[in-house]
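In: I would like the atomic coordinates for the input below:
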Amino acid sequence: MLRSLKPLLIQPAYKLQENNSLFTLTAHQYDEYSQLEKKYEALVLSIPPLVQNTPYILEFCRDCYFKFTIPDSDLFEDTMQTLIYSTRHSLMRVIFKTTNIKKVLNDFGGDKDSSFIFSQILHKKIFQWHSELDGMDVLTKELLSTISHKNVDIRPLYLEQYSTIEPYPKKLAAIQQQIAKKYNNSFLECPEILETYILEAYKQTKSFIYFGQIVNSGGDL
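Out: As a prediction, the model looks like this:
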């Protein structure tokens, strides 16, 4: 008689850190995002480990979701967090300068499911753009080496009790500044590349939603 086999559970390579958004948020808002991760688990797990292991991009996509679903009048940046996560903050500023992100906001803004799906698909596209930037592979490795481990929380490095060791995590700040500079310069020199990736993410999200509606309707859509 065959013994029953336990199902193989695939775990994501990187776990989002808690409460480190660039925005001031409630526990309920973080929990809503976590619930959507469970709802769309297959989509979340389809993100390749190499993409997930890139520092801060996963958090960036979560912040995009918050930006899409929370009215500007209720969304406030956390000043300390934008300092600590300056690379992510710079990436957000670049992305929201694009023309195509405005198309996304007009179409998906306010809709939590659509915004979540887009944020996951955008994750892969941003990684592609990030990886193609000259010298970014070296900077990414340096960043990972500096924070010692991909799941480390860098916020304690900025706390007062660490000032006796080092007034400011200078190496970490310098690497983040270099990455941010690459993002800004790349977009200024050739915005079309990033615009194309965002448009691709938008189209793929529309297709994902459409086929999901077909499945849910039993093929009668």
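
In: ok, Ser90 - contacts?
Out: Applying Cβ atoms under 8 Å, 6 or more residues apart in numbering, we find Ser90 in contact with 179-180, 183-184. The C-beta positions use only the backbone N, C-alpha and C, and glycine is treated the same way.

In: and the longest helix anywhere in the chain, what does it pack onto?
Out: Ranked by residue count, the top helix of the chain under DSSP state H comes out as helix 191-216. Other elements packing on helix 191-216 under the criterion 3 or more Cβ pairs under 8 Å, 6 or more residues apart in numbering; DSSP states H and E are helix 86-95, helix 99-108, helix 112-132, helix 170-189.

In: Enumerate the positions of the first one that are buried.
Out: By neighbour count with 16 or more other Cβ atoms under 10 Å, helix 86-95 contains the buried residues 86-92, 94-95.

In: now do the last one
Out: Of the residues in helix 170-189, 172-173, 175-176, 178-180, 182-183, 186-187 count as buried by neighbour count, 16+ other Cβ under 10 Å.

In: cool, the longest one as well?
Out: Buried residues in helix 112-132, counted by 16+ other Cβ under 10 Å: 112, 114-127, 129-130.

In: next helix or strand past it?
Out: Where DSSP states H and E defines the elements, the next helix or strand beyond helix 112-132 is helix 136-146.

In: Give me the contacts around that following helix.
Out: 54-55, 87, 130-131, 150, 171-172, 175-176, 178-179, 182.
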